[in-house]
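# got a predicted structure plus its sequence, pasted below:
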Amino acid sequence: MHLHYEEAGQGSAVVLLHGGGPGASGLSNFGRNLPTFAEQFRTLVVDQPGYGKSDKPQVRGNYFTFAADALAALLDELGIGRVHLVGNSLGGGTAVRFALNNPGRAGRLVLMGPGGLSLNVFAPDPTEGVKRLAEFGAPPGPSREKMAAFLRTLVFDQRLVTEEMIEERFTAACDPEALRAMASMGASFFDPDSYEDGLLWREAHRLRNRVLLIWGREDRVNPVDGALVALKMIRRAQLHVFGGCGHWVQLEKFDEFNRLAISFLEGDGP
């Protein structure tokens, strides 16, 4: 499977893994952050399977495992043994599964509202953001209005959702291959043979990595109470919550996020 990636910088390797909304890609989530991270690290922004310019095959098993295996193969191809991982939402879930399945290859983890690891203790399921995500491809099919409604659940500052962003994401999401890939990804979390692989919170106690959990207080996709179980279960975890911030911490709190994440990744010790 071909995974597309953008790369910049030198030094220790850091992989940035995007979220899973319709029309998402590595650069749509982390394009602005890449130059800043590249000042300190060899930084790879990867399009996960089914997204961006990467291949869009039928998902086998649970998506987190499918994507983590694809990432491991890419790193093998590039000759990269050990990486730090930064994951937003779906990308956070992929990062956690990669670390669980490849403990010798994963360094520090920065996880922003991570899928699978987030367990809503007080907030109802499905959340507003997840409902809007599911509605995008539902009959009578995608629409620009549905895309706008979904994107607006991702941010606290609604000014960040521009007409250009809506159009770019809608165009990418409506590609027939992308629609099939999104449906396959979603179905993988309900497959009775593998859905338990997506319940990462049940395995969080096995993580020995240093983990920085980052949340927006106003996250409407994976609400902040979802951090509590992970914070309790992960031995070397810490939690930072930004007020006035939704699901896209890396964009809404751009400078603060960059400083916080880079300082954490540069820390001493494994």
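Cool, got the structure.
# first vs last residue of stretch 103-123, how far apart are they?
31 Å (CA to CA, to the nearest Å).
# next: stretch 238-248.
Termini of stretch 238-248 sit 19 Å apart (CA to CA).
# buried set for it?
Using 16 or more other CB atoms under 10 Å as the test for burial, stretch 238-248 gives 240, 242, 245, 246, 247, 248. All C-beta atoms are positioned from the backbone trio N, CA, C, and that covers glycine.
# and what of stretch 162-181?
166, 169, 170, 172, 173, 174, 178, 179, 181.
# want to throw the residues you listed into a markdown table with secondary structure and pLDDT?
Converted to a markdown table, the buried residues of stretch 162-181 look like this (DSSP: H, G, I helix; E, B strand; the rest coil; pLDDT from 0 to 100):
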| residue | secondary structure | pLDDT |
| --- | --- | --- |
| 166 | helix | 98 |
| 169 | helix | 98 |
| 170 | helix | 98 |
| 172 | helix | 97 |
| 173 | helix | 98 |
| 174 | coil | 96 |
| 178 | helix | 97 |
| 179 | helix | 96 |
| 181 | helix | 97 |
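# closest one of these to residue 17?
residue 181 (16.0 Å; CB to CB).
# for residue 22, see how far away that closest one is.
Taking CB to CB, to the nearest Å as the criterion, residue 181 is separated from residue 22 by 10 Å.
# same deal with residue 125?
20 Å.
# more neighbours, those two?
Set side by side, residue 125 and residue 22 show more neighbours around residue 22, with 22 against 9, by other CB atoms under 10 Å.
# coming back round to it: out of the buried residues of stretch 162-181, give me the two with the largest separation.
It's 166 and 181 that sit farthest apart of the buried residues of stretch 162-181, by CB to CB, at 20.3 Å.
# show me what contacts the residue nearest to the spatial centre of the chain?
Geometric centre of the chain, nearest residue: residue 91, 2.3 Å, by CA atoms, centre = their mean. Residues in contact with residue 91 (CB atoms under 8 Å, 6 or more residues apart in numbering) are 16, 17, 18, 19, 20, 29, 48, 114.
# then residue 93?
63, 64, 87, 114, 115, 116, 117, 198, 200.
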